[in-house]
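A.B. asks: Fold the following, please.
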Amino acid sequence: MSRIVRLDDKLGLQDLKSQFAAKVSKRSHRPTFYTEIEARNEFGEVLFTKAHNETVLGGAITVLEKLWGVQASLKVDSINNIMNINTALTPTQAESSANADDYVCAWGIGIGGCGDTFGSRRAVKFQEREIGQNGHSDQMIPFRLVSKKFSSTDDSFGKYFMCNHREDGLYEYYLKAFEITPYIKVLWKDGAEGEDGSDVEADVYNTKRTDEMEAFVEMHLMISKKDVQEYFEHMGIPEMARVNTIGLFTGRLIQLEDGSPEIVNAKLFSKLNTENDSLVVSASGSDGTVGSGSSRSIEYIYRVFVA
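C.D. replies: Prediction:
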């Protein structure tokens with residue numbers, strides 16, 4: 001007589017911190033990963049800290065497929081297909097295997113994360129697959145909107161992806177690379193309040209220390225002073241330049257025939273909605289009037305914890 005024993009495990013980290021667990025209880029589902037996101041302006045001033053994103057369905061499926069080398073029967077569509085950008089380059093379902101070279105390689109931004117008033121931030125739904133609200137692809141905005149495609153002689157070459165050649169002749173770029181290559185840290189939790197701890201050494205398996213440890217990947221995301229501005233200027237509303245959603249994307253980095261790098265099979269991995277972050281620094285004129293001012297930059301320090 002055989003016996004079937006069912007063993008359940010959870011990949012999430014909801015037990016890491018008690019204060020985070022309290023927030024989890026208010027959500028409709030438990031998060032896949034524990035995250036901490038901090039945003040700073042060009043002066044180093046903190047705009048927000050300890051923000052937590054949501055890993056969406058597509059991201060959760062990707063993690064399971066990658067770790068176990070199998071494919072889920074449920075397929076989440078790529079934003080290439082959803083937004084009809086570079087669809088001819090997107091791998092077929094047969095090519096999009098769990099062993100393919102897809103990884104978290106870029107990020108995008110949008111303006112659908114909250115309303116016009118403070119306190120109107122929208123909750124991220126687990127089933128979402130776009131930066132914007134479901135069915136509102138126009139809420140994902142391009143980082144750059146330029147008159148010609150970036151070439152190898154441009155400083156921006158290789159930094160922006162998911163290029164769309166518009167009917168009016170302009171080129172828009174919807175995804176951006178991280179500022180530096182993401183890196184993994186494994187630390188003892190022995191740092192002062194708000195500070196990182198010391199590195200865990202290779203012989204940790206012999207340690208007699210009882211301190212807790214943490215492991216995470218850190219990414220640096222930058223909205224430069226050129227990003228977003230061109231889009232709102234083209235719309236005729238430069239004073240409204242803003243973002244309120246950031247999202248991480250998995251995808252496959254390829255090289256086009258002209259040598260340009262591009263990302264295909266781009267799928268939303270995780271998403272954070274915030275209050276509106278204005279990208280305009282107001283400037284007062286000599287007559288006391290307020291002009292649109294200059295643009296500003298924002299850096300996001302994005303950590304995803306797994307232990």
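A.B. asks: so how many other residues sit close to H165?
C.D. replies: 12 (other CB atoms under 10 Å). Backbone N, C-alpha and C define where each C-beta goes, glycine included.
A.B. asks: dump the residue contacts of it.
C.D. replies: K149, Y171 (CB atoms under 8 Å, 6 or more residues apart in numbering).
A.B. asks: how close does it sit to G251?
C.D. replies: Using CB to CB, to the nearest Å, we find H165 at a distance of 19 Å from G251.
A.B. asks: Y171 now?
C.D. replies: For Y171 relative to G251 (CB to CB), the value is 19 Å.
A.B. asks: Need the CA coordinates for the helix or strand I263 falls within. PDB is fine.
C.D. replies: Assigned by DSSP states H and E, I263 belongs to strand 261-278. Provided in PDB are the C-alpha atoms of strand 261-278 (Å, rounded to 0.1, in the frame of the first residue of the first chain):
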ATOM      1  CA  PRO A 261      20.500  45.900 -29.200                       C
ATOM      2  CA  GLU A 262      16.800  45.000 -28.600                       C
ATOM      3  CA  ILE A 263      14.700  43.200 -26.100                       C
ATOM      4  CA  VAL A 264      12.100  40.700 -27.100                       C
ATOM      5  CA  ASN A 265       9.600  38.500 -25.200                       C
ATOM      6  CA  ALA A 266       9.400  41.400 -22.700                       C
ATOM      7  CA  LYS A 267       7.100  40.500 -19.800                       C
ATOM      8  CA  LEU A 268       6.200  42.400 -16.700                       C
ATOM      9  CA  PHE A 269       7.900  40.800 -13.700                       C
ATOM     10  CA  SER A 270       7.000  43.200 -10.900                       C
ATOM     11  CA  LYS A 271       5.300  46.600 -10.400                       C
ATOM     12  CA  LEU A 272       5.300  49.500  -8.000                       C
ATOM     13  CA  ASN A 273       2.700  52.200  -8.000                       C
ATOM     14  CA  THR A 274       3.500  55.500  -6.200                       C
ATOM     15  CA  GLU A 275       2.100  58.900  -5.700                       C
ATOM     16  CA  ASN A 276       3.000  61.300  -8.600                       C
ATOM     17  CA  ASP A 277       6.700  62.100  -8.900                       C
ATOM     18  CA  SER A 278       7.000  65.400 -10.800                       C
END
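A.B. asks: In it, which residues are buried?
C.D. replies: Neighbour counts over strand 261-278 (16 or more other CB atoms under 10 Å) mark 261-277 as buried.
A.B. asks: In the longest helix seen in the chain, which residues are buried?
C.D. replies: As assigned by DSSP state H, the longest helix anywhere in the chain is helix 57-68. Buried residues in helix 57-68, counted by 16+ other CB under 10 Å: L57, G58, G59, A60, I61, T62, V63, E65.
A.B. asks: buried stuff in the helix or strand just after that helix?
C.D. replies: Using DSSP H and E, the next helix or strand after helix 57-68 towards the C-terminus is helix 79-82. Buried residues in helix 79-82, counting neighbours by 16+ other CB under 10 Å, are found at I79, N80, I82.
A.B. asks: Helix or strand next in line after helix 79-82, which one?
C.D. replies: strand 103-110.
A.B. asks: picking that back up, which of the buried residues of helix 57-68 sits closest to V217?
C.D. replies: Nearest to V217 among the buried residues of helix 57-68: V63, at 12.7 Å, using CB to CB.
A.B. asks: Any stretches of the stretch 101-250 of the chain with poor pLDDT?
C.D. replies: For the stretch 101-250 of the chain, the stretches with pLDDT under 70 are 118.
A.B. asks: sorry, back to before: quick one: list the elements packing against the longest helix of the chain.
C.D. replies: Under the contact definition 3 or more CB pairs under 8 Å, 6 or more residues apart in numbering; DSSP states H and E, helix 57-68 sits against strand 242-255, strand 261-278.
A.B. asks: who are the neighbours in contact with I111?
C.D. replies: By CB under 8 Å, 6+ apart, the contact set of I111 is G132, Q139, I141, R242, V243, N244, T245.
A.B. asks: and which of the residues you listed is nearest to N53?
C.D. replies: Using CB to CB, the shortest approach to N53 within the contacts of I111 belongs to T245, at 10.2 Å.
A.B. asks: wouldn't the closest one be in contact with I131 here?
C.D. replies: Yes - counting by CB atoms under 8 Å, T245 touches I131, with 5.5 Å between them.
A.B. asks: between those two, what contacts are shared?
C.D. replies: Shared contacts of T245 and I131, counting by CB under 8 Å, 6+ apart, come down to I109, G110, G112, Q139, K271.
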